[in-house]
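Asks: Let me see the structure of the following:
(chains A, B and C)
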Amino acid sequence: MLLQMLDYLGVAVFAVTGGIIASRKQLDFIAFLFFATLTGIGGGTLRDLLLGVPVFWVENEAYLLVCLIVSIFLWFFAYRIEQFSKPLRWADAIGISAYSVMGAAKALTVGDTVLVAVLMGVSTATFGGILRDTIAREPPSIVKPEIYVSAAFAGAGSFVVLMQLGAPQTVSAALAAALALLLRGGAILRGWSLPGYRAKGRR
Amino acid sequence: MLLQMLDYLGVAVFAVTGGIIASRKQLDFIAFLFFATLTGIGGGTLRDLLLGVPVFWVENEAYLLVCLIVSIFLWFFAYRIEQFSKPLRWADAIGISAYSVMGAAKALTVGDTVLVAVLMGVSTATFGGILRDTIAREPPSIVKPEIYVSAAFAGAGSFVVLMQLGAPQTVSAALAAALALLLRGGAILRGWSLPGYRAKGRR
Amino acid sequence: MLLQMLDYLGVAVFAVTGGIIASRKQLDFIAFLFFATLTGIGGGTLRDLLLGVPVFWVENEAYLLVCLIVSIFLWFFAYRIEQFSKPLRWADAIGISAYSVMGAAKALTVGDTVLVAVLMGVSTATFGGILRDTIAREPPSIVKPEIYVSAAFAGAGSFVVLMQLGAPQTVSAALAAALALLLRGGAILRGWSLPGYRAKGRR
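Replies: Model (predicted):
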């Protein structure tokens, strides 16, 4: 149940980030649909292709309806969302948190090993945003010094560890998603980052 | 029959756009092959992966021969094609028209719902060009204000609606492809566009 | 045996190129992991999706461990690797040679035709690097005049031809990989290139 909710939440908030990009570039409504759908379902699509299972939105078109509704909503209200502080980055942060857990959970369900499950969580959480930024020609968050992929990694990793320790799925998912959101939120609010590579000076 | 022709036509004209990009960058013959093949089969490859069916050119290598022939032709005659007005954009327009219908048709054949079929049409029609522009570092057409994705959307959408209304497949395909080409042609010739998002001023 | 070694070698050296990019951008350790893994397994992942076989690192997570070990190694020693001349390009060259042969070999094993096998070799060899350069926003090697895709093409093509002529697999793989490395090495050391397209002046 919580996982199912995280799944729709992830699609919806990533769709919001796609729609915000379209509104900032003053594109037309079809472009809103395009970017919202691309970002909303991109990560999960990659996950399903890699796992070799049917693509989730081909099985259940409710996910496409979510993207459609988000697009319509943003077409009318994007300017109000922009009155919040950094709405795109916060929606992206919620998406990363939800998807990193969902990606890992689906891989475990299919019977994959823990290492594969963690990688599925990370790619699911980051791929939609990478697609969005690449096609819109925005600088991708992955090459910025801030914590970004690390948050997805923490979410997927802690979920897998908690599940291995025998924690109930709902508890594991809630804790792991909260951890990912906390880390990414700290990066947005306070610029949290991990130490970057320093040539010569070792480490 | 018409669908089969649209399929080869789509591959061929998208391959032409890839070859034109290679010629404008004065690349070598292998790069002609690379860009022609990437653009020619990119969209249909995505469609087949998403539908979970065997990739079309792995099943039938005639499509690869089409890309090879187009590459050889362009290596000798790209400079003549450039004497026409906007050859890349017109070839791309024909490709979008053919592929938006083919993508939707194949999804319907596999038994998918109308919403999924429309999305397959749109992604099939636009993905090859997005790959081409991303790798060649050209500005992708999707973020320009002109009608582009909208044409693919109109082609795929009208095909699906006509089929649902019981129109014969050939008629539906011909009308839908003509509509997509008309819309994209208007954008090329007269700069047709849909209204873009305006902050504050609502809609 | 040789093929198996080429496979791990290809993953490892492509992972090295991803790690070098991360070190040059002074990113954190998780970004090292991200770029090393993306580049290391990107090409083979595309190959397996296109062939419709299970993705290799989902089946055997040893490949992910290779990427992890490479990332740790580079986090400590990237600055020493940079003391060599053009380390990124040489590692990339070895990767292209190994992967062009592996990609073609796997396609032949699955029973595909020679044309498909050559294309699989080329896409396997080049896709990881294209992903790496696109996401890191580096100019992709494919649009430079130097021999690059051509080396992958020579490797995959010569392997397929030798196999068709009845040569033993090990001999075919060794010769083909050596040819690809020779061509790409000549491009790195001496700027070898094929003649580029010249408008008007034909060919």
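
Asks: from chain A, which residue is nearest to chain C?
Replies: Closest residue of chain A to chain C, Cβ to the nearest Cβ: A:Leu194 (3.6 Å). From N, CA and C alone the C-beta is placed, and that goes for glycine too.

Asks: do you know how far that residue is from A:Gly19?
Replies: 31 Å (Cβ to Cβ, to the nearest Å).

Asks: neighbour-wise, which of the two wins?
Replies: A:Gly19 (33 against 15; other Cβ atoms under 10 Å in any protein chain shown).

Asks: For the more buried one, which non-adjacent residue is closest in space?
Replies: Nearest residue to A:Gly19, sequence neighbours excluded (Cβ to Cβ, 6 or more residues apart in numbering or on different chains): A:Leu74, at 3.5 Å.

Asks: now do A:Ala12
Replies: Using Cβ to Cβ, 6+ apart, the closest residue to A:Ala12 is A:Val66 (5.4 Å).

Asks: What pLDDT is listed against the one you found?
Replies: A:Val66 carries a pLDDT value of 96.

Asks: For it, give its distance to A:Gly44.
Replies: Using Cβ to Cβ, A:Val66 is found at 12 Å from A:Gly44.

Asks: again, but for A:Glu61
Replies: For A:Glu61, the distance to A:Gly44 - Cβ to Cβ - is 14 Å.

Asks: what sits against the most centrally placed residue in chain A?
Replies: Geometric centre of chain A, nearest residue: A:Ile96, 3.0 Å, by Cα atoms, centre = their mean. By Cβ atoms under 8 Å, 6 or more residues apart in numbering or on different chains, the contact list for A:Ile96 reads A:125-126, A:129, A:148, A:151-152, A:155, A:180-181, A:184.

Asks: residue in chain A nearest to chain B?
Replies: For chain A, Cβ to the nearest Cβ, closest residue to chain B: A:Asp28, 3.6 Å.

Asks: where does the nearest residue to that residue once chain neighbours are set aside land on pLDDT?
Replies: Of all residues not flanking A:Asp28 in the chain, B:Leu194 sits nearest, at 3.6 Å (Cβ to Cβ, 6+ apart). pLDDT for B:Leu194: 90.

Asks: State the phi and psi torsions of B:Leu194.
Replies: phi -90, psi 160 (degrees, to the nearest 10).

Asks: next one: A:Asn60
Replies: Dihedral angles (degrees, to the nearest 10) for A:Asn60: phi -140, psi 100.

Asks: ok, now A:Tyr197?
Replies: When read as degrees, to the nearest 10, the backbone of A:Tyr197 gives phi -70, psi 130.

Asks: what number of residues lie near it?
Replies: Neighbour tally, A:Tyr197, other Cβ under 10 Å: 22.

Asks: That one and C:Arg24, how far apart?
Replies: In terms of Cβ to Cβ, A:Tyr197 sits 9 Å off from C:Arg24.

Asks: same deal with A:Ser141?
Replies: Here the criterion is Cβ to Cβ. By it, A:Ser141 lies 18 Å from C:Arg24.

Asks: now do A:Leu88
Replies: Per Cβ to Cβ, A:Leu88 is found 28 Å from C:Arg24.

Asks: Give me the more crowded residue out of those two.
Replies: The neighbour count for A:Leu88 versus C:Arg24, taken as other Cβ under 10 Å, is higher for A:Leu88 (21 against 15).

Asks: Can you tell me, leaving aside adjacent residues, what's nearest to the more buried one?
Replies: Nearest non-adjacent residue to A:Leu88, counting by Cβ to Cβ, 6+ apart: A:Ile20, 4.7 Å away.

Asks: try A:Asp92
Replies: Leaving aside its chain neighbours, A:Asp92 sits nearest to A:Thr17 (5.0 Å; criterion: Cβ to Cβ, 6+ apart).

Asks: Neighbours of that neighbour, how many?
Replies: Residues lying near A:Thr17 (other Cβ under 10 Å) number 28.

Asks: List the contacts of it.
Replies: Here A:Thr17 is in contact with A:39, A:88, A:91-92, A:95, A:129, A:132 (Cβ under 8 Å, 6+ apart).

Asks: rerun that using 6 Å as the cut-off
Replies: With contact taken as Cβ atoms under 6 Å, 6 or more residues apart in numbering or on different chains, A:Thr17 is in contact with A:39, A:88, A:91-92.

Asks: Put together CSV for those residues, with distance to A:Leu115, secondary structure and pLDDT on each row.
Replies: As requested, the contacts of A:Thr17 are exported to CSV (distance: Cβ to Cβ, whole Å; DSSP: H, G, I helix; E, B strand; the rest coil; pLDDT from 0 to 100):
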residue, distance to A:Leu115, secondary structure, pLDDT
A:Thr39, 27, helix, 96
A:Leu88, 32, helix, 91
A:Ala91, 29, helix, 94
A:Asp92, 26, helix, 94
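
Asks: of all those residues, which comes closest to C:Leu165?
Replies: Of all the contacts of A:Thr17, C:Leu165 sits closest to A:Thr39, with 49.1 Å by Cβ to Cβ.

Asks: burial measure for the closest one, as a count.
Replies: A count of nearby residues for A:Thr39, using other Cβ under 10 Å, gives 34.

Asks: so A:Phe32 is in which element?
Replies: Per DSSP states H and E, A:Phe32 falls inside helix A:29-51.

Asks: Past that helix, which element shows up next along the chain?
Replies: For helix A:29-51, the following helix or strand on the C-terminal side (DSSP H and E) is helix A:56-59.

Asks: next SSE after that following helix?
Replies: The helix or strand immediately downstream of helix A:56-59 is helix A:62-81, counting by DSSP H and E.

Asks: looking just at contacts, which helices and strands does that next one meet?
Replies: helix A:2-24, helix A:29-51 (3 or more Cβ pairs under 6 Å, 6 or more residues apart in numbering or on different chains; DSSP states H and E).

Asks: Run through chain A and note the low-pLDDT ranges.
Replies: A:199-203 (pLDDT under 70).

Asks: what residues does it put near chain B?
Replies: Residues of chain A lying near chain B by Cβ under 6 Å from any Cβ of the partner chain: A:23, A:25-28, A:30, A:34, A:49, A:54-55, A:58, A:61, A:64, A:79, A:135-136.

Asks: Now rank these by neighbours and give me the top one.
Replies: A:Phe34 (29 neighbours).

Asks: For that residue, list the residues it contacts.
Replies: With Cβ under 6 Å, 6+ apart, A:Phe34 has these contacts: B:Val149.

Asks: again, only using 8 Å
Replies: Counting by Cβ under 8 Å, 6+ apart, the residues that A:Phe34 touches are A:18, A:22, B:122, B:126, B:142, B:149.

Asks: A:Gln26 belongs to a strand?
Replies: No: going by DSSP: H, G, I helix; E, B strand; the rest coil, the assignment for A:Gln26 is coil, not a strand.

Asks: Tell me who's in contact with the residue nearest to A:Gly19.
Replies: A:Leu74 neighbours (Cβ under 8 Å, 6+ apart): A:16, A:19-20, A:22-23, A:32, A:36, A:81.

Asks: Equivalent analysis for A:Ala187, please.
Replies: A:146-148, A:151, A:193.

Asks: so who does A:Leu108 touch?
Replies: A:114, A:117, A:160, A:163.

Asks: can you count the residues close to the first one?
Replies: With neighbours defined by other Cβ under 10 Å, the count for A:Val114 comes to 17.

Asks: how close does it sit to A:Leu162?
Replies: Shown here: A:Val114 relative to A:Leu162, a distance of 11 Å by Cβ to Cβ.

Asks: do A:Ala98 as well
Replies: When A:Ala98 is compared with A:Leu162 (using Cβ to Cβ), they lie 16 Å apart.

Asks: Looking at the two, which has the bigger crowd around it?
Replies: A:Ala98 (28 against 19).

Asks: and chain A, which of its residues are near chain C?
Replies: For chain A, the residues found near chain C under the criterion Cβ under 8 Å from any Cβ of the partner chain are A:49-52, A:112-113, A:115-116, A:119, A:122, A:126, A:130, A:134, A:139-140, A:142-143, A:145, A:147, A:149-150, A:153, A:193-200, A:202-203.

Asks: Before I go, just wanted to say thanks for your time.
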